[in-house]
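[1] prediction below, plus the sequence it came from.
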Amino acid sequence: MPTPHPPHGLAPEALAPLAQRLRAQGLRLTTQRQQVLAAVAALEHATPEAIATRLRAEAGADGAAPDTSTVYRTLELLERLGLVWHTHLGKGAPVYHAAERPHLHVVCADCGEISSADPALLDSAAERLAADLGFTLDVGHVALSGTCRACRDRVGTEP
């Protein structure tokens, strides 16, 4: 059976790890799995609902898109395989992103913009947590809330 064409510009080499991990689990590389992974990559940080909405929009009136529950199940599978990660950025559904590299999530409480930051920024805090509490920080799930530069500039406040 031929492999479906990668959706929306997802390079074949980006699908290779997915196909390999799925086969190792006795699973197939389905079009829906490809679509969800492509949407996660394109949206960068998105809820399952946002991913489902994008897939419905891409499919159009005549196309078939996975429903939200299928998107949730697919994201859970992709996370178990180490291809996506989720983070809780406050209230509401988790936000998923490609598991390319660990990074901090910096979320503007005013406009909702999500930025990524180098986890090394928290090295001293992580060391202190380990020394004082024996706690190991998982930076891939850290979300810091504050105010972004654009929102500060808009209201004229200092950092």
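    Noted; the coordinates are in hand.
[2] quick check: closest non-adjacent residue to the residue positioned nearest the centre of the chain.
    Nearest to the mean C-alpha position of the chain, counting by Cα atoms, centre = their mean, stands residue 97 at 1.2 Å. Leaving aside its sequence neighbours, residue 97 sits nearest to residue 45 (Cβ to Cβ, 6 or more residues apart in numbering; 5.1 Å). Backbone N, C-alpha and C define where each C-beta goes, glycine included.
[3] pretty sure the residue nearest to the centre of the chain is touching residue 84, no?
    Yes. Using Cβ atoms under 8 Å, residue 97 and residue 84 qualify as a contacting pair, with a distance of 6.6 Å.
[4] mutual contacts of those two, please.
    Residues touching both residue 97 and residue 84 by Cβ atoms under 8 Å, 6 or more residues apart in numbering: residue 40.
[5] ok, now which ones touch the residue nearest to the centre of the chain?
    Contact analysis of residue 97 by Cβ under 8 Å, 6+ apart lists 40, 44-46, 84-87.
[6] write the PyMOL selection for whichever of those residues are buried.
    Those of the contacts of residue 97 that count as buried under 16 or more other Cβ atoms under 10 Å are selected in PyMOL with:
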select buried, resi 40+45+46+84+85+86+87
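[7] just the contacts of residue 97 now: which is nearest residue 140?
    residue 85 (5.3 Å; Cβ to Cβ).
[8] right, I'll call it a day here.
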